[in-house]
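Peer 1: model the structure of this input:
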Amino acid sequence: MPRKTLQHDVLLTPAEVAAMFRVDAKTVTRWAQQDKIPYVWTLGGHRRYPEKEVRALLTRGATRRQA
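Peer 2: Residues are numbered from 1 along each chain as shown. Take a look at the predicted model:
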């Protein structure tokens, strides 16, 4: 389930992002390590991905495929 930060930004887990892109969660982690997808660290040391930015990446990818 998506989580919210104090600023009310919805954060997604690697599994949630992976499902959106139809890839494995390890691929999402690899993209983050390569700075291809934005993320934030939780206090527990886990990566979470801002939903708005992930959706923007999906939209850009869909636009490129249609062109």
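
Peer 1: which stretches of the protein form helices?
Peer 2: All helices of the chain, identified by DSSP state H, fall at 14-21, 25-33, 51-66.

Peer 1: okay, angle between the second one and helix 14-21 too, please.
Peer 2: Relative orientation of helix 25-33 versus helix 14-21 (axes from the mean of the first three to the mean of the last three C-alpha atoms, to 10 degrees): 100 degrees.

Peer 1: just to revisit the earlier point, ranking the helices of the chain by mean pLDDT, which is last?
Peer 2: Note on the helices of the chain: helix 51-66 shows the lowest mean pLDDT, a mean of 81.

Peer 1: tell me how many other residues crowd the residue nearest to Thr27 when sequence neighbours are not counted.
Peer 2: For Thr27, ignoring the flanking residues on the chain, the nearest one in space by C-beta to C-beta, 6 or more residues apart in numbering is Ala18 at 6.7 Å. Glycine gets a C-beta too; all of them are placed from N, C-alpha and C. Close neighbours of Ala18, defined as other C-beta atoms under 10 Å, add up to 18.

Peer 1: quick one: Ala18 and Val28 touch, right?
Peer 2: Yes. Using C-beta atoms under 8 Å, Ala18 is in contact with Val28, at 5.0 Å.

Peer 1: return the residues in contact with the residue nearest the centre of the chain.
Peer 2: With distances taken as C-alpha atoms, centre = their mean, the residue of the chain nearest its centroid is Tyr49 (3.9 Å). By C-beta atoms under 8 Å, 6 or more residues apart in numbering, the residues touching Tyr49 are Leu11, Leu12, Thr13, Pro14, Glu16, Val17, Val28, Ala32, Ile37, Pro38, Tyr39, Val40.

Peer 1: ok, so of these, who is nearest Glu53?
Peer 2: Ranked by distance to Glu53 (C-beta to C-beta), these are led by Pro38 at 4.9 Å.
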